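In: Turn this into a model:
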Amino acid sequence: MHDPINDDQAIVINVEGKGLVVVVGGFHLGDATPERIGGTFAELKAIGPRLVMPAHCTGFADTRRFAAEMADQFVLNAVGTKLAF
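Out: Numbering: from 1, shown residues only. Now for the predicted structure:
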C-alpha cells in the first residue's frame, strides 16, 4: 500500500532482553479512507505488538477503535504519558 506521508519517521531500538522497540509519532488515520484504516488494523493485528500507543494524529475515532479491538495492547497516549517496562 502506498504511504502518502513523506515526512513520517520512526525509531527502532534493539533493547537488550526486550527485543525491538519501535517509537512512532502516530498512525495518521484522521483523514484516511476506510480501506486504509482497515488495512492498518489488519496489519497491526497480524504483527501482534506488545503495546499500541496511538498519538493525536491517529484521530479520536480510531484511537477508540484501538482501545476496543486491541484492548490488551492499548495504552492511552497523552502529553506527559510515561511508559516503563
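In: Sticking with the nearest residue to His56 once chain neighbours are set aside, tell me its helix or strand.
Out: Nearest residue to His56 in three dimensions, chain neighbours excluded: Gly26, at 6.5 Å (Cβ to Cβ, 6 or more residues apart in numbering). (C-beta placed from N, C-alpha, C; glycine too.) Element membership of Gly26, judged by DSSP states H and E, is empty: it is in no helix or strand.
In: Surely Gly26 touches Gly59?
Out: No. With contacts counted by Cβ atoms under 8 Å, Gly26 stays clear of Gly59, the gap being 9.0 Å.
In: what sits in contact with each of the two?
Out: Common contacts of Gly26 and Gly59 (Cβ atoms under 8 Å, 6 or more residues apart in numbering): none found.
In: for this structure, what are the low-confidence residue spans?
Out: 1-9, 24-25, 85 (pLDDT under 70).
In: if you go through it in chain order, where are the helices?
Out: 34-47, 60-69 (DSSP state H).
In: Buried deepest among those, which one?
Out: Ranked by mean neighbour count, the helices of the chain are led by helix 60-69 with a mean of 15 (mean count of other Cβ atoms under 10 Å).
In: neighbours around the residue nearest to His56, how many?
Out: 17 (other Cβ atoms under 10 Å).
In: and the closest residue to Pro49 other than its chain neighbours, what is it in contact with?
Out: Taking Cβ to Cβ, 6+ apart, and ignoring the residues beside it in sequence, Pro49 has Gln73 as its nearest neighbour in space, at 5.9 Å. Neighbouring residues of Gln73 by Cβ under 8 Å, 6+ apart: 49-52.
In: I'd like those residues written out as TSV, with neighbour count and distance to Arg65 added.
Out: Rendered in TSV, the data for the contacts of Gln73 read as follows (neighbours: other Cβ atoms under 10 Å; distance: Cβ to Cβ, whole Å):
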residue	neighbour count	distance to Arg65
Pro49	12	15
Arg50	10	19
Leu51	13	16
Val52	21	11
